[in-house]
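Enquirer: Need coordinates for the below:
(one chain, ligands or ions: 1)
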Amino acid sequence: MSSIYRRDSVIVVVRPVDERCNLSCEYCNAAVHANSRAIMSRETLERIIVQASKPDYRFVQFVWHGGEPLLAGLDFYKAVLELQQQHFGGNFAAGRCENVIQTNGLLLSTNTLDFLEKGGFWIGTSIDGPDLSANRYRFQGRGAETVLKKTLDACRSVRARGLSLLTISVIHDANFYRAEEMYHFFCKLDDILAAQIRRSCGCFVKAFLEGLGLGVRNIQ
Ligand code: SF4
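Expert: Below you'll find the predicted structure:
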């Protein structure tokens with residue numbers, strides 16, 4: 001299991017392209033940043049890694065987030081690995097740090113997956129359920145079916161390589177009442193389901209869990 005659940009870990013969330021994204025989900029701010037082309041500079045990246053590498057932190061998990069973090073390009077993540085190697089030490093000083101990339105999956109080409117796998121990245125993706133109805137606030141209009149298929153294909157490619165997949169889902173009025181179906185969908189897709197449910201909150205989630213016969217107290 002990823003060290004994401006270790007109590008002594010520090011999580012550093014970094015947004016190399018701020019909130020810029022290649023999707024514009026209705027419940028997200030990303031569309032506001034659609035015209036930005038900025039990518040975090042190497043100098044800023046190095047400052048973050050140097051700060052995180054200080055011995056005060058026993059374990060550091062870098063979460064590359066967005067927007068869509070893969071819009072930064074693979075050269076950015078090559079620099080990440082190079083600077084971590086430099087500041088944390090060889091093989092990241094015996095596992096003192098790790099990387100998770102939280103992507104919508106649309107840029108997970110074979111080449112990108114090769115790179116992430118070789119670099120030891122954990123891959124997280126966001127999807128709200130098995131079909132367009134459950135993804136009402138993510139994929140809309142023309143092309144929605146294609147985007148859903150691409151996302152699901154990306155998830156399956158990650159799993160087909162034997163890599164762990166973490167998913168984040170927004171539970172909302174279009175999917176919470178399908179609790180049992182959603183549960184089985186995510187069990188097939190994702191191998192760290194329970195932890196994500198634990199990390200969610202809100203009344204829809206409570207209803208969702210009750211639909212599964214789980215009281216909120218049972219899973220904390
Ligand atoms: S994929 Fe994520 S970052 Fe992009 S618009 Fe949707 S919720 Fe926002």
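Enquirer: Please report the distance of the most centrally placed residue in the chain from the ligand.
Expert: The residue lying closest to the centre of the chain (C-alpha atoms, centre = their mean) is Gln102, at 2.3 Å. For Gln102, the distance to the ligand (C-beta to the nearest ligand atom, to the nearest Å) stands at 8 Å. C-beta coordinates here come from the backbone N, C-alpha and C atoms, glycine included.
Enquirer: which secondary element of this protein has the worst mean pLDDT?
Expert: Averaged element by element with mean pLDDT, DSSP states H and E, the chain has its least confident helix or strand at helix 193-199 (a mean of 43).
Enquirer: if you look at stretch 19-39, does any of it touch the ligand?
Expert: Yes - Stretch 19-39 reaches the ligand (C-beta under 6 Å from any ligand atom) through 21, 23-25, 28, 30.
Enquirer: actually stretch 114-130, sorry about that
Expert: Yes - Stretch 114-130 lies within reach of the ligand by C-beta under 6 Å from any ligand atom, at Ser126.
Enquirer: if we can go back for a sec, check the residues of stretch 19-39 next to the ligand against Phe121 and report the nearest one.
Expert: For those, the closest approach to Phe121 (C-beta to C-beta) belongs to Cys21, at 19.0 Å.
Enquirer: what's the burial count for that closest one?
Expert: 21 (other C-beta atoms under 10 Å).
Enquirer: In contact with the nearest residue to it once chain neighbours are set aside: list those residues for me.
Expert: Spatial nearest neighbour of Cys21, excluding adjacent residues (C-beta to C-beta, 6 or more residues apart in numbering): Ala30 at 3.7 Å. Contacts for Ala30 were tallied using C-beta atoms under 8 Å, 6 or more residues apart in numbering; they are 19-21, 23-24, 66-68.
Enquirer: Quick one: buried ones out of those?
Expert: Among the contacts of Ala30, the ones that count as buried by 16 or more other C-beta atoms under 10 Å are 19-21, 23, 66-68.
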